[in-house]
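Student: Build me a model from this:
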Amino acid sequence: MFLKKTLAFIDKNLLLGLSLFLLVFIPLYPKWPLFEVLPGYIVRVRLEDFLILAALIIWFIYLLRGKIDLKKNPLLLPIAAYLVVGLLSTLSAIFITRTIHPEFIQIAKLYLHFLRRIEYFSLFFIFFSAVRHKKQLKYFLILLPLAILGVTIYGYGQKYLYWPAYSTMNREFSKGIVLYLTEHARVLSTFGGHYDLAAYIMLTLPLLLAVGFLVKKWWLRLSLFAVSLLEFWLLILTASRTSFIAYLAAITMMFSVLIIKKGFKWGLPRWLALMGISLFIMVSFGDLSERFAHIFKLQDFKSALLRPFSAPPTHGIPLDESLSLEEQLKIVATKTDVPPTPGKKQKPADVYVDPYILTEAAELAEKEATPAAIHVDYSDTALKYGLSAGIRFDALWPRAWVGFKKNPLLGSGYSTLVKTSVWEFTQAESTDNDYLRLLGETGLLGFLAFLSIFFVIAKYLWLAFQKTKEPFFIAFFAAGIGITFGLLVNALYIDVFESSKVAYTYWSLMGIMLAAALFVVQKEKAKI
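Tutor: The predicted structure follows:
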């Protein structure tokens with residue numbers, strides 16, 4: 001009898017337990033690789049891939065047993081539509097546009113990116129199916145701040161205590177080489193890069209703040225605000241302009257929604273106070289203000305933004321030919337890093353030195369893997385606007401537009417936008433604008449199908465927000481709308497939906513939030 005009850009309990013709560021474990025494990029576990037997927041490619045298999053696969057298999061078994069009703073999943077159709085378009089895009093790339101060279105490694109890389117998107121989406125279905133009762137939500141809301149606190153503590157350890165960092169900024173680093181940050185290097189905590197970490201903070205910080213403002217228990221409010229303050233300083237240490245702007249956009253949208261329920265007298269002073277504190281800390285402390293200074297120097301920013309819709313230049317692209325475009329984006333530094341040596345050739349304002357100290361073993365690997373330095377010819381755009389903007393305007397964005405024009409409906413296929421010839425095998429993919437990447441890789445159909453997912457998310461969160469009167473749910477749904485809007489802003493300058501830990505986190509949170517939304521919209525207290 002005891003064994004039967006135990007097995008029944010495990011069967012009933014297995015998906016919930018796996019989801020709670022993944023919510024904590026994914027952000028806290030560093031990017032330690034197990035093995036490479038394709039020879040010479042930057043993407044590597046990690047432990048979380050096996051854990052997600054195991055959770056997906058268990059979810060599928062529950063589906064076959066009739067324990068999960070897919071008909072009630074609001075994102076089933078839009079996600080399925082995008083994946084169908086993605087599959088058609090891969091076939092088009094091979095047989096119609098012929099932007100994929102007909103060899104195994106090129107085709108394998110194409111479908112690797114397609115399968116990665118399935119993996120990201122799978123977490124939404126797992127988390128959505130795991131939440132069967134309203135009371136289960138409290139488990140996620142207890143563990144999420146603890147995971148955030150763990151990420152924050154490790155980031156502080158890297159910054160102030162010389163704890164090791166593991167980066168995916170290039171193929172050598174992605175092998176799991178131990179790195180140590182210099183004094184002014186941007187923190188990446190357990191993530192593969194500071195951009196990824198900053199996007200994760202942008203996703204989780206508004207949720208902590210929203211619940212903190214509306215929760216009634218003073219000790220819980222104080223605890224959430226304390227974790228929020230620690231996490232916000234970690235955002236400053238990443239020196240990520242895009243994610244900081246996205247964070248401001250997220251809390252602005254969040255308070256715009258909250259004001260509908262709470263009124264202007266409640267919402268406006270809190271929003272102004274939060275914006276004021278955030279901007280004051282950004283300007284007064286850390287290196288982020290130095291990076292924003294580059295923006296204020298842009299006098300012809302409009303003409304630079306129009307450049308992606310023209311053909312890529314045949315000369316003057318801001319390339320150090322010993323580094324890939326993605327690797328160059330990662331060496332963007334702040335003015336407080338090691339300054340340039342007087343008398344050396346002019347460099348973009350945001351490039352000084354690679355902000356990492358390598359271990360002796362890593363230095364040896366770097367010497368063996370990196371070609372001898374050659375002449376660096378930075379373009380006028382890079383010198384004027386900085387290397388970060390220059391690479392986007394001169395190379396990455398124009399190439400995405402070229403990919404779109406090859407097949408406006410289905411694009412040129414995954415992993416085709418960075419390479420300059422059809423037979424070239426690139427070590428990594430990056431466009432640093434998810435909208436242009438969508439258009440370039442999957443065309444207008446993929447673009448519309450992908451964005452329809454967020455339309456459905458916003459619709460359900462909004463309907464639930466309007467219907468609920470519980471303070472916790474008011475905060476929960478307003479934060480969901482805010483972080484979705486913030487992530488869409490972040491996607492203007494970073495490929496956030498292809499960043500594994502960011503994508504894992506967002507689709508997991510949306511699984512929890514839409515499950516809660518259906519409880520409210522459909523007034524169900526039993527199974528979804």
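Student: so who does residue 210 touch?
Tutor: Contact partners of residue 210, counting by Cβ atoms under 8 Å, 6 or more residues apart in numbering, are 254, 258, 475, 476, 478, 479, 482. (Each C-beta comes from the backbone N, C-alpha and C, glycine too.)
Student: What strand or helix carries residue 190?
Tutor: Assessed by DSSP states H and E, residue 190 sits outside every helix and strand.
Student: hang on, I meant residue 460
Tutor: Mapping residue 460 onto the secondary structure by DSSP H and E places it in helix 434-467.
Student: So for the helix or strand following that helix, mean pLDDT?
Tutor: Later in the chain than helix 434-467, the nearest helix or strand by DSSP H and E is helix 471-490. The predicted model assigns helix 471-490 a mean pLDDT of 96.
Student: just the helices in the stretch 51-200 of the chain please.
Tutor: In order along the chain, the stretch 51-200 of the chain carries the following helices (DSSP state H, counting those that start in this stretch): 76-95, 104-130, 137-160, 194-214.
Student: TSV for these, including distance to residue 463?
Tutor: Formatted as TSV, those follow (distance: least, Cβ to Cβ, whole Å):
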stretch	distance to residue 463
helix 76-95	16
helix 104-130	16
helix 137-160	18
helix 194-214	18
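Student: Residue 8: which of those helices is closest?
Tutor: With respect to residue 8, and counting by Cβ to Cβ, the nearest of the helices of the stretch 51-200 of the chain is helix 104-130 at 16.9 Å.
Student: same for that closest one, what does it pack against?
Tutor: Using 3 or more Cβ pairs under 8 Å, 6 or more residues apart in numbering; DSSP states H and E as the contact criterion, the elements in contact with helix 104-130 are helix 2-28, helix 47-64, helix 76-95, helix 500-521.
Student: Kindly reformat those as TSV containing mean pLDDT.
Tutor: TSV is the format used below for the helices and strands packed on helix 104-130 (pLDDT from 0 to 100):
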stretch	mean pLDDT
helix 2-28	90
helix 47-64	96
helix 76-95	97
helix 500-521	94
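Student: which of the ones you listed is buried the deepest?
Tutor: Mean neighbour count, computed with mean count of other Cβ atoms under 10 Å, is highest for helix 500-521 among those, reaching a mean of 24.
Student: Report the distance from it to the chain centre.
Tutor: Distance, stretch centre to chain centre, for helix 500-521: 15 Å (Cα atoms, centre = their mean, to the nearest Å).
Student: Just want the angle from that helix to helix 47-64.
Tutor: 30 degrees (axes from the mean of the first three to the mean of the last three Cα atoms, to 10 degrees).
Student: Show me what helix 500-521 is packed against.
Tutor: helix 2-28, helix 47-64, helix 104-130, helix 137-160, helix 194-214, helix 434-467, helix 471-490.
Student: Only C-alpha atoms, please: export the last one in CSV.
Tutor: Read it as helix 471-490. What follows is helix 471-490, C-alpha atoms only, in CSV (Å, rounded to 0.1, in the frame of the first residue of the first chain):
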residue,chain,number,x,y,z
PRO,A,471,-2.7,41.2,-5.6
PHE,A,472,-0.3,38.4,-6.4
PHE,A,473,-1.9,37.6,-9.7
ILE,A,474,-2.1,41.3,-10.6
ALA,A,475,1.7,41.6,-10.1
PHE,A,476,2.3,38.3,-11.8
PHE,A,477,0.5,39.1,-15.0
ALA,A,478,1.6,42.7,-15.2
ALA,A,479,5.2,41.5,-14.8
GLY,A,480,4.7,38.9,-17.6
ILE,A,481,3.5,41.6,-20.0
GLY,A,482,6.4,43.8,-19.0
ILE,A,483,9.2,41.3,-19.4
THR,A,484,7.7,40.1,-22.7
PHE,A,485,7.8,43.7,-24.0
GLY,A,486,11.3,44.2,-22.6
LEU,A,487,12.6,41.0,-24.3
LEU,A,488,11.2,42.2,-27.6
VAL,A,489,13.0,45.5,-27.1
ASN,A,490,16.2,43.6,-26.2
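Student: What residues sit buried inside that helix?
Tutor: In terms of neighbour count (16 or more other Cβ atoms under 10 Å), helix 471-490 has its buried residues at 472-490.
Student: repeat for the fifth one
Tutor: Using 16+ other Cβ under 10 Å as the test for burial, helix 194-214 gives 194-214.
Student: average pLDDT across the helix or strand hosting residue 400?
Tutor: Mapping residue 400 onto the secondary structure by DSSP H and E places it in helix 397-406. Predicted confidence along helix 397-406 averages 93 (mean pLDDT).
Student: Which of the helices and strands packed on helix 104-130 sits closest to residue 266?
Tutor: In this view, the helices and strands packed on helix 104-130 are compared for proximity to residue 266 by Cβ to Cβ, and helix 500-521 is the closest at 21.3 Å.
Student: orientation of the closest one relative to helix 2-28 in degrees?
Tutor: Compare the direction of helix 500-521 with that of helix 2-28 by the same axes, to 10 degrees and you get 130 degrees.
Student: Convert the C-alpha atoms of helix 500-521 to PDB, please.
Tutor: Included here for helix 500-521 are C-alpha records, laid out as PDB according to Å, rounded to 0.1, in the frame of the first residue of the first chain:
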ATOM      1  CA  SER A 500      20.100  29.200 -24.600                       C
ATOM      2  CA  LYS A 501      19.900  30.300 -21.000                       C
ATOM      3  CA  VAL A 502      17.800  33.300 -21.800                       C
ATOM      4  CA  ALA A 503      15.500  31.300 -24.000                       C
ATOM      5  CA  TYR A 504      15.200  28.500 -21.400                       C
ATOM      6  CA  THR A 505      14.200  31.000 -18.800                       C
ATOM      7  CA  TYR A 506      11.700  33.000 -20.800                       C
ATOM      8  CA  TRP A 507       9.800  30.000 -22.100                       C
ATOM      9  CA  SER A 508       9.800  28.400 -18.700                       C
ATOM     10  CA  LEU A 509       8.400  31.600 -17.100                       C
ATOM     11  CA  MET A 510       5.800  31.800 -19.800                       C
ATOM     12  CA  GLY A 511       4.700  28.200 -19.200                       C
ATOM     13  CA  ILE A 512       4.100  29.100 -15.500                       C
ATOM     14  CA  MET A 513       2.400  32.400 -16.300                       C
ATOM     15  CA  LEU A 514       0.100  31.100 -19.000                       C
ATOM     16  CA  ALA A 515      -0.900  28.200 -16.700                       C
ATOM     17  CA  ALA A 516      -1.800  30.700 -14.000                       C
ATOM     18  CA  ALA A 517      -3.600  32.800 -16.600                       C
ATOM     19  CA  LEU A 518      -5.800  29.900 -17.600                       C
ATOM     20  CA  PHE A 519      -6.700  29.300 -13.900                       C
ATOM     21  CA  VAL A 520      -8.000  32.900 -13.800                       C
ATOM     22  CA  VAL A 521      -9.600  33.100 -17.300                       C
END
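Student: Taking helix 104-130 as reference, get the angle to that helix.
Tutor: Here helix 500-521 points in a direction 30 degrees away from that of helix 104-130 (the same axes, to 10 degrees).
Student: on that earlier part again, and of the helices and strands packed on helix 500-521, who's closest to residue 173?
Tutor: In this view, the helices and strands packed on helix 500-521 are compared for proximity to residue 173 by Cβ to Cβ, and helix 194-214 is the closest at 13.1 Å.
Student: Now do the closest one against helix 2-28, angle only.
Tutor: Between the axes of helix 194-214 and helix 2-28, defined by the same axes, to 10 degrees, the angle is 120 degrees.
Student: tell me the mean pLDDT over helix 194-214?
Tutor: Mean pLDDT, taken over the full extent of helix 194-214, equals 95.
Student: What sits closest to residue 271 if chain neighbours are left out?
Tutor: residue 255 (4.0 Å; Cβ to Cβ, 6 or more residues apart in numbering).
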